[in-house]
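J.: Pasting the sequence and the predicted model now:
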Amino acid sequence: MRHYTFVNEELLNEYLEQLPKKYFPKEYRRKKLISFGITGVRTDISEEDFKLEMNKTQKIDLLLKYLRENEQLDLSRPKDMHDGFNPNRKAFVLETTKATQIFFPKESLIDTPYLDGFALWISDPNTDDIQQGNLIYNYTGTFLYITQMWLDNGKYSHMYSGCSALQSIVNFLEGRPILNTILHAGEEKFGRSDKRHPIDKLVGLGAKRGATKKITCLYRKRYITNEQCFIFNNKEARVNDLLAYPIFITEEV
């Protein structure tokens, strides 16, 4: 069974409206037309097709079927910046991962008072991808941040120096455009300068840490950087981080 933690129904319906007619299940109903002419009464029988009313699960399954059949679906996040812009990468990602839910209560959202709360999921990098050492020229391993709302309508883009993907979320919460470089006393508080885990960095802003669960998410990539640092196996590690906007999030039950 699937429990839907989040569904962007407006966007889901928008995508479905663009699918070819052949993907939709149909029913047929017979329509009887009665007309009168000089030869008497005439009855015409015709068939009229119409789209079935679909529930949320059926809509999601239909979209996934289309994406799979048309090779528009990846099953994992990029592991580095080069992978993030590999031309063979697809527009949509369907990923199953362990992630921790983070929630900002309304009282912590001083600069976004129109929000009743703000939730996101944070998934750690694959530990096999993390490199440590002094001569690393391509940082691998990627944090994934899935926000339970779309922060803007921008296209997928890569690093703005000094603005990690985590900083882009903080920018939104503090009332700024997401891709702003904000230095705190000359340091990247939500990127390379602070070696705490991204979850701990957000808890410092008033966020509450929730449970870690296995989730499946269909998302679009929004912004990727290689400017996130944290402590891994008692040593500093520099990795990538990716801001992603979901179409749906499910939990296993």
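T.: Thanks, I have the structure now.
J.: Mind giving me the packing neighbours of the host helix or strand of Y219?
T.: Using DSSP states H and E, the secondary-structure element containing Y219 is strand 208-232. In terms of contacts (3 or more C-beta pairs under 8 Å, 6 or more residues apart in numbering; DSSP states H and E), strand 208-232 is packed against helix 56-69, helix 81-84, strand 92-105, strand 142-147, helix 165-173, helix 198-203, strand 235-252. Bear in mind the C-beta positions are built from the backbone N, C-alpha and C, glycine included.
J.: so where's the chain uncertain?
T.: Along the chain, the parts satisfying pLDDT under 70 run over 27-52, 134-135, 183-186.
J.: give the contact list for the residue nearest to A244 when sequence neighbours are not counted.
T.: Nearest residue to A244 in three dimensions, chain neighbours excluded: Y219, at 4.1 Å (C-beta to C-beta, 6 or more residues apart in numbering). Listed by C-beta atoms under 8 Å, 6 or more residues apart in numbering, the contact partners of Y219 are 92-93, 95, 146, 244-247.
J.: for I224, what are its contacts?
T.: Here I224 is in contact with 78, 81, 84, 142, 156, 158-159, 165, 240-243 (C-beta under 8 Å, 6+ apart).
J.: In contact with the residue lying closest to W150 once chain neighbours are set aside, which residues?
T.: Residue nearest to W150 in three dimensions, not counting chain neighbours: Y245, with 4.6 Å by C-beta to C-beta, 6+ apart. Y245 makes contacts with 146-147, 150-151, 219-220, 222, as judged by C-beta under 8 Å, 6+ apart.
J.: now, the most widely separated pair of these?
T.: Using C-beta to C-beta, the pair of those lying farthest apart is L151 and Y219, separated by 12.8 Å.
J.: wait, L75 sits on K90?
T.: No: counting by C-beta atoms under 8 Å, L75 stays clear of K90, with 9.3 Å between them.
J.: Looking only at neighbour counts, state which of these two leads.
T.: K90 (15 against 9; other C-beta atoms under 10 Å).
J.: In three-state terms, label that one for me.
T.: Classification of K90 by DSSP: H, G, I helix; E, B strand; the rest coil places it in coil.
J.: How much space separates it from F172?
T.: 26 Å (C-beta to C-beta, to the nearest Å).
J.: before we move on, what about F24?
T.: F24 is 36 Å from F172, by C-beta to C-beta.
J.: So for these two, which sits in the more crowded spot?
T.: The neighbour count for F24 versus F172, taken as other C-beta under 10 Å, is higher for F172 (21 against 14).
J.: helix/strand/coil for the nearest residue to that one once chain neighbours are set aside?
T.: Leaving aside its sequence neighbours, F172 sits nearest to L151 (C-beta to C-beta, 6+ apart; 4.5 Å). Following three-state DSSP, L151 is assigned to coil.
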